[in-house]
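A.B. asks: sequence? don't have it. structure:
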């Protein structure tokens with residue numbers, strides 16, 4: 001793989017990192033674009049793990065051919081499960097096979113913003129010593145032609161950068177501003193705090209960052225666009241399904257109500273959010 005001039009250290013000084021992409025009801029062409037996004041990264045040492053979570057829409061041979069075509073990554077692994085069990089278990093299965101020092105989750109319909117994303121992310125881990133680093137995600141339409149919005153907002157970035165984990169937890173109790181699509185973890189974080197909570201099925205990021213901030217994990221912010229996201233997705237609010245609702249209810253009961261000063265206010269805020277989601281679904285129909 002060719003290096004960009006941005007890389008100055010010899011390749012032996014670059015730790016292996018792991019990128020994980022689970023997929024289920026994804027368009028095959030979008031998944032292949034995601035794979036190419038990983039293969040184009042300037043970072044020289046990548047283990048790429050894909051998890052076929054019982055996908056009915058993707059030909060595994062196409063995935064294998066795409067992985068085999070140049071440029072090649074240092075390690076690739078395609079894990080296949082006959083039955084869909086949800087995003088959380090798929091990611092945990094990948095974590096069991098991950099050997100990278102840092103771990104990045106890239107959804108099967110998302111792209112890295114450019115070819116230096118992982119390079120800059122790893123440098124941020126080196127510089128800050130953080131266990132969790134998030135960056136900007138840019139939401140696009142399905143064709144990735146129209147930019148819709150960039151998040152998180154400036155006020156949320158300031159809280160993440162403050163280093164005050166309890167302040168961050170209080171903010172997260174109101175709304176998740178650290179989404180899995182643009183957040184990476186150190187292997188040390190997984191060793192200390194464990195994998196994703198398998199009481200949830202498709203929402204892996206929100207209960208995770210609530211628990212980590214509550215327990216005092218070290219967060220940092222990478223001030224650059226890291227991921228381009230398509231609208232929709234099973235684990236986003238736009239995909240408000242019965243499974244998503246059940247996960248959301250459990251998050252409130254397990255990760256928020258037992259730890260906040262005013263549980264009644266938290267429950268009322270949550271009920272307001274659920275009403276908004278139902279109205280959004282009605283308007284879409």
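C.D. replies: Yep, that arrived. Predicted model, so just to flag it, every value in this text is computed and none were measured.
A.B. asks: so where do the strands sit in the stretch 51-200 of the chain?
C.D. replies: 75-81, 102-105, 111-112, 132-140, 147-151, 183-186 (DSSP state E, counting those that start in this stretch).
A.B. asks: For the residue nearest to residue 278 when sequence neighbours are not counted, which residues are in contact?
C.D. replies: Counting by C-beta to C-beta, 6 or more residues apart in numbering, residue 278 lies nearest to residue 240, which is 7.7 Å off, once chain neighbours are set aside. Where you see a C-beta, it was placed from the backbone N, CA and C, and this is true even at glycine. Contacts were defined as C-beta atoms under 8 Å, 6 or more residues apart in numbering; by that measure residue 240 touches 277-278, 280-281.
A.B. asks: ok, 10 Å please
C.D. replies: 248, 274, 276-278, 280-281, 284 (C-beta atoms under 10 Å, 6 or more residues apart in numbering).
A.B. asks: how close does residue 184 get to residue 204?
C.D. replies: From residue 184 over to residue 204 the distance is 14 Å, taken as C-beta to C-beta, to the nearest Å.
A.B. asks: Give me the helices and strands touching the one helix or strand residue 266 maps to, please.
C.D. replies: Using DSSP states H and E, residue 266 maps to helix 263-284. The contact analysis (3 or more C-beta pairs under 10 Å, 6 or more residues apart in numbering; DSSP states H and E) places helix 263-284 against helix 165-174, helix 242-251.
A.B. asks: Buried members of the contacts of residue 240 into PyMOL, please.
C.D. replies: Buried subset of the contacts of residue 240, written as a PyMOL selection, criterion 16 or more other C-beta atoms under 10 Å:
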select buried, resi 248+277
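A.B. asks: Quick one: mean pLDDT for stretch 84-95?
C.D. replies: Stretch 84-95 carries an average pLDDT of 96.
A.B. asks: correct me, but residue 163 touches residue 129?
C.D. replies: No. Under the criterion of C-beta atoms under 10 Å, residue 163 is not in contact with residue 129, lying 11.2 Å apart.
A.B. asks: how much space between the residue of the chain positioned farthest from its centre and residue 250?
C.D. replies: Distance from the C-alpha centroid of the chain peaks at residue 264, with 30.2 Å (C-alpha atoms, centre = their mean). Per C-beta to C-beta, residue 264 is found 19 Å from residue 250.
A.B. asks: Where does pLDDT dip in the stretch 1-150 of the chain?
C.D. replies: 1-12 (pLDDT under 70).
A.B. asks: For it, which segments count as helices?
C.D. replies: 28-39, 60-68, 87-97, 117-128 (DSSP state H, counting those that start in this stretch).
A.B. asks: Dump these into CSV; add mean neighbour count and distance to residue 75 as well.
C.D. replies: CSV is the format used below for these (neighbours: other C-beta atoms under 10 Å; distance: least, C-beta to C-beta, whole Å):
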stretch, mean neighbour count, distance to residue 75
helix 28-39, 18, 12
helix 60-68, 14, 10
helix 87-97, 21, 10
helix 117-128, 19, 14
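A.B. asks: Nearest to residue 232, out of those?
C.D. replies: helix 28-39 (10.8 Å; C-beta to C-beta).
A.B. asks: helices or strands up against that closest one?
C.D. replies: Counting by 3+ C-beta pairs under 10 Å, 6+ apart, helix 28-39 packs on strand 17-23, strand 46-53, helix 60-68, strand 75-81, strand 111-112, helix 117-128, strand 219-230.
A.B. asks: now the fourth one and strand 46-53, what's the angle there?
C.D. replies: For strand 75-81 against strand 46-53, the angle by axes from the mean of the first three to the mean of the last three C-alpha atoms, to 10 degrees is 10 degrees.
A.B. asks: Report the buried residues of strand 75-81.
C.D. replies: 76-77, 79, 81.
A.B. asks: Does residue 63 touch residue 29 like I think?
C.D. replies: No. Using C-beta under 10 Å, residue 63 is not in contact with residue 29, being 11.8 Å away.
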